[in-house]
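Peer 1: Requesting a structural model of the entry that follows:
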Amino acid sequence: MNDPLNSNMMEATRLTREGRLSEATALLQRALGGGAFVPSDPPDSAGDADEVIEVHAEIIDTPSSDATTKRPSTARKPSENSRPDPEPSNRFQSVQNPLSGSFGGSSSSPLGNSLGGLSGNPLGDSLGGLSGNPLGDLASGSLGNLLGGLSDGKLGGLSGGSLGDLLGGSLGSMSGTATVSPIIAPGGEFVERSYTNSAGTRSYKLYVPSGYTGQAVPLVVMLHGCTQNPNDFATGTHMNALAETETFLVAYPAQPSSANMNGCWNWFQAADQQRDRGEPSIIAGITRQVIEDYQVADDRVYVAGMSAGGAMAAIMGATYPDLYAAVGVHSGLAPGAAHDMPSAFGAMQGRGAARPQASAGEVVPTIVFHGDRDTTVHPSNGEQLVSHLARSVGSPKATARQGRVPEGHAYTRAAYKDAAGDTILERWTVNGLGHAWSGGSSPGSYTDPKGPDASAEMMRFFDEHPKQ
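Peer 2: Numbering: from 1, shown residues only. As a prediction, this is how the structure comes out:
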């Protein structure tokens, strides 16, 4: 982080500790460049909006006491690392948007433990632990927690963490991620497992639909955003319900607070952007573990994510093109758009983002969703991702069509075809959509039911793109 910004953050910390909240707020607004991002195109235009990235994660699992293992007749022998525990069944409830409401300081708050976690105090210990401190009207809406927790618990120590909710939403409009139980159909299972390699250990939830009887089925790996967790993400995306209808497995890796204070995937760290290293190696390991333990169609393995998870999904496609047949990125960034916290801050704000890494080898077919009213991450990040991928395959021919969800948002769908006439990229720009999963379900966090169904469209795209 540059010295002036770092100094401003330290001064804001001092002012807040002295109770001079209005001065601290004004200083932060100036330091972060002022007002909220306003898209260049009106809500009903077909302009080029782009992707966003960010959410937050915490693992909230309550396995039942009468846990049973996955059906032995439909699964291969579990690996030594896996520990299945079924999830109590429940139906979708209504999702609470972590970007609305007050910061709150409980573990379910978007700023949660990364900013001190004091009830009612948006910046918690980071700004002195003053209960009731709002710092909530920052127009820039940039102190989210996409990048995770603040180093040393203060805004001045940015080298090891992030600006709290930098990629997570507006300081003035956030509420905690609800504790939810995703849908589990009769006969389906939602089991908890884990994977360990030299880079670390991650737990994950695996949804096994009732229609799985040992036949080869697709696998979709879903990467949550900051302050989210597998249960929350499964609920908001209603991917388990789709798995029941279409019969495929869904794995939800969980990012613990020990790896990132806000449960964000560390997409912005150079060590976590490479094949066979860091978090990509763990996610790939989880994918392979499921393939080994269950009957998975090897040519139908996919990865998708939201926000920080969307950025990591893009990284997985770039680093493991041999493993994944297609990628879904919702509100994410291009691989290599950042290499540390300062560059991530610039990229998310749409200022001075690093050039994405050049693709080494084949480009994995990718579908991108982004809202043109996302104030958490500048929409130009979505455009950058699509442009990066398009350049890697030459000059694909693009066509676009517009539509509108009945009583919902308008959208533009752009399809990019290669020389053979095959669609290799899709970009969905949703007018009026903020930092939320388009067409998502309550009570999952970061969802907007008025947009086109991103989950259904991703599965449609995936079905059209088996591994070649």
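
Peer 1: quick one: the helices in the stretch 201-350 of the chain?
Peer 2: Using DSSP state H, counting those that start in this stretch, the helices assigned to the stretch 201-350 of the chain run over residues 230-237, 239-246, 278-293, 308-319, 341-348.

Peer 1: Actually, the stretch 351-468 of the chain.
Peer 2: Remark: helices of the stretch 351-468 of the chain, listed N- to C-terminal, are 380-392, 454-463; assignment by DSSP H, counting those that start in this stretch.

Peer 1: Number of residues surrounding the nearest residue to M458 once chain neighbours are set aside?
Peer 2: When the adjacent residues along the chain are set aside, M458 lies closest to G328, with 4.0 Å between them (C-beta to C-beta, 6 or more residues apart in numbering). From N, CA and C alone the C-beta is placed, and that goes for glycine too. The number of residues packed near G328 is 30, by other C-beta atoms under 10 Å.

Peer 1: Okay, and the beta partners of G328?
Peer 2: Judged by DSSP bridges, the bridge partners of G328 are A304, I367.

Peer 1: Would you mind confirming that it is in contact with F461?
Peer 2: Yes - using C-beta atoms under 8 Å, G328 is in contact with F461, at 7.2 Å.

Peer 1: overlap in contacts of those two?
Peer 2: Residues touching both G328 and F461 by C-beta atoms under 8 Å, 6 or more residues apart in numbering: I367.

Peer 1: Next up, the contacts around the residue nearest to M458.
Peer 2: Contacts of G328 were listed using C-beta under 8 Å, 6+ apart, and they are 302-305, 310, 313, 366-369, 454, 458, 461-462.

Peer 1: top of those residues by neighbour count?
Peer 2: Taking other C-beta under 10 Å as the neighbour criterion, G310 ranks highest of the contacts of G328 with 36 neighbours.

Peer 1: That one against L333, yeah?
Peer 2: Yes - taking C-beta under 8 Å as the definition, G310 is a contact partner of L333 at 7.5 Å.

Peer 1: For burial, what's the neighbour tally of R401?
Peer 2: For R401, the tally of surrounding residues (other C-beta under 10 Å) stands at 10.

Peer 1: The residue lying closest to Y252 once chain neighbours are set aside and V180, how far apart?
Peer 2: Closest residue to Y252 apart from its sequence neighbours, by C-beta to C-beta, 6+ apart: P230 at 3.5 Å. The spacing between P230 and V180, counted by C-beta to C-beta, to the nearest Å, is 11 Å.

Peer 1: Counting neighbours around each, name which of these two comes out higher.
Peer 2: The neighbour comparison of P230 against V180 (other C-beta under 10 Å) goes to P230, with 29 against 25.

Peer 1: That one and H238: what is the separation?
Peer 2: 14 Å.

Peer 1: low-scoring stretches of the stretch 51-200 of the chain, by residue?
Peer 2: Of all residues in the stretch 51-200 of the chain, those with pLDDT under 70 make up the ranges 51-179.

Peer 1: Kindly apply the preceding question to the stretch 351-468 of the chain instead.
Peer 2: Low-confidence segments of the stretch 351-468 of the chain, defined by pLDDT under 70, span residues 351-361.

Peer 1: what's near enough to touch A271?
Peer 2: With contacts taken as C-beta under 8 Å, 6+ apart, A271 has the following neighbours: 277-278.

Peer 1: Kindly report the same for R202.
Peer 2: Taking C-beta under 8 Å, 6+ apart as the contact definition, R202 lies against 194-195, 253-256, 282-283, 286.

Peer 1: Apply 7 Å and report the result again.
Peer 2: Taking C-beta atoms under 7 Å, 6 or more residues apart in numbering as the definition of contact, the neighbours of R202 are 194-195, 253-254, 282, 286.

Peer 1: Check G236 too.
Peer 2: By C-beta under 7 Å, 6+ apart, the contact set of G236 is 95, 437, 440-441, 444-447.

Peer 1: Drop anything exposed from these.
Peer 2: Among those, those classed as buried by 16 or more other C-beta atoms under 10 Å are 95, 437, 440-441, 444-447.
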